[in-house]
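Sequence and computational prediction follow.
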Amino acid sequence: GQQVMQIPQYQHVQEGEDFTTYCNSSTTLSNIQWYKQRPGGHPVFLIQLVKSGEVKKQKRLTFQFGEAKKNSSLHITATQTTDVGTYFCAGSSGGYQKVTFGTGTKLQVIP
Amino acid sequence: GAVVSQHPSWVICKSGTSVKIECRSLDFQATTMFWYRQFPKQSLMLMATSNEGSKATYEQGVEKDKFLINHASLTLSTLTVTSAHPEDSSFYICSARDGTHYEQYFGPGTRLTVT
């Protein structure tokens, strides 16, 4: 079955440093979504990417979808303590009926 | 908008009993609902997908007779863990999606502990 891996598993950064998490799928994706889960909370939708090579920005967050539509990345510029949480990518290879969540990257920001 | 509630938020039950978890979309019609299981410090594992009015589609390895899913209306889906065992202890999260948007809206989750 489809597998979606993320690296790194954990990342500790000093506040103000940048952070990047990478997402890799074993199969070609039709779309990829990104979610953020705060400690003790539930996942919250951030964004969806659909097109090959697509880049989207949300303030300090930059999302990329690879040309082959098998990988994606999330980059946070100048991290803040509010960025703490686990970031999941979630890929779908057949419409939107089912998404497979990545393994997640837990971000810790040291003030 | 797009609020999903889950009830109960936590439950403790004895081994062998059944537990029902409700998932409700409060301000939209959820044509599709998903049930996930999340172990500590791990990712979300999709258990099943349910569309209103039809039988749920279970993921490989998920026992449909043990995890009964009913999507009775466009705002309510239930997951019943039958004959619960300690290994069923986990965090169960539902999500809902309407027919026009792709993003999933997650409920707050239910912490199940089976003693």
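The structure has been received and is ready for your questions. No experiment lies behind these values; they were computed from the predicted model shown.

Up against chain A, what does chain B have?
B:32, B:34, B:36, B:41-46, B:49, B:60, B:93, B:95, B:97, B:102-109 (Cβ under 8 Å from any Cβ of the partner chain). Just so you know, the C-beta spots here come from the backbone N, C-alpha and C atoms, and that holds for glycine as well.

For the chain, just list every one of the strands.
Just going to use chain A. Here chain A has its strands, by DSSP state E, at A:4-7, A:10-14, A:19-25, A:31-37, A:43-49, A:55-58, A:61-65, A:71-76, A:85-92, A:100-101, A:105-110.

should've been chain B
Using DSSP E, strands in chain B cover B:4-7, B:10-13, B:19-25, B:32-38, B:44-51, B:57-58, B:67-73, B:76-81, B:90-97, B:105-106, B:110-114.

For the second one, name the packing helices and strands.
Contacting strand B:10-13 under the criterion 3 or more Cβ pairs under 8 Å, 6 or more residues apart in numbering or on different chains; DSSP states H and E are the following elements: strand B:19-25, strand B:110-114.

cool, the third one as well?
Contact partners of strand B:19-25 among helices and strands, from 3+ Cβ pairs under 8 Å, 6+ apart: strand B:4-7, strand B:10-13, strand B:32-38, strand B:76-81, strand B:90-97, strand B:110-114.

in that strand, what's buried?
For strand B:19-25, the neighbour count (16 or more other Cβ atoms under 10 Å in any protein chain shown) marks B:Val19, B:Ile21, B:Glu22, B:Cys23, B:Arg24, B:Ser25 as buried.

one step back: which among the helices and strands packed on strand B:10-13 is found nearest to B:Asp65?
Ranking the helices and strands packed on strand B:10-13 by proximity to B:Asp65 (Cβ to Cβ) places strand B:19-25 first, at 15.0 Å.

Now tell me what touches that closest one from outside.
B:3-8, B:11, B:13, B:33, B:35, B:74-81, B:84, B:92, B:94, B:96, B:98, B:105, B:107, B:110, B:112 (Cβ atoms under 8 Å, 6 or more residues apart in numbering or on different chains).

shaky segments in the chain?
I went with chain A, as the question did not name one. Of all residues in chain A, those with pLDDT under 70 make up the ranges A:94-97.

looking at chain B here, not the other one
Filtered on pLDDT under 70, chain B yields the residue ranges B:1.

Which among the residues of chain B next to chain A count as buried?
Buried subset of the residues of chain B next to chain A (neighbour count, 16+ other Cβ under 10 Å): B:32, B:34, B:36, B:43-46, B:49, B:93, B:95, B:97, B:103-107, B:109.

contacting residues for B:Tyr58?
By Cβ under 8 Å, 6+ apart, the residues touching B:Tyr58 are B:Met47, B:Ala48, B:Lys64, B:Phe67, B:Ile69.

at 6 Å what do you get?
Contact partners of B:Tyr58, counting by Cβ atoms under 6 Å, 6 or more residues apart in numbering or on different chains, are B:Ala48, B:Lys64.

No further queries at this time; thank you.
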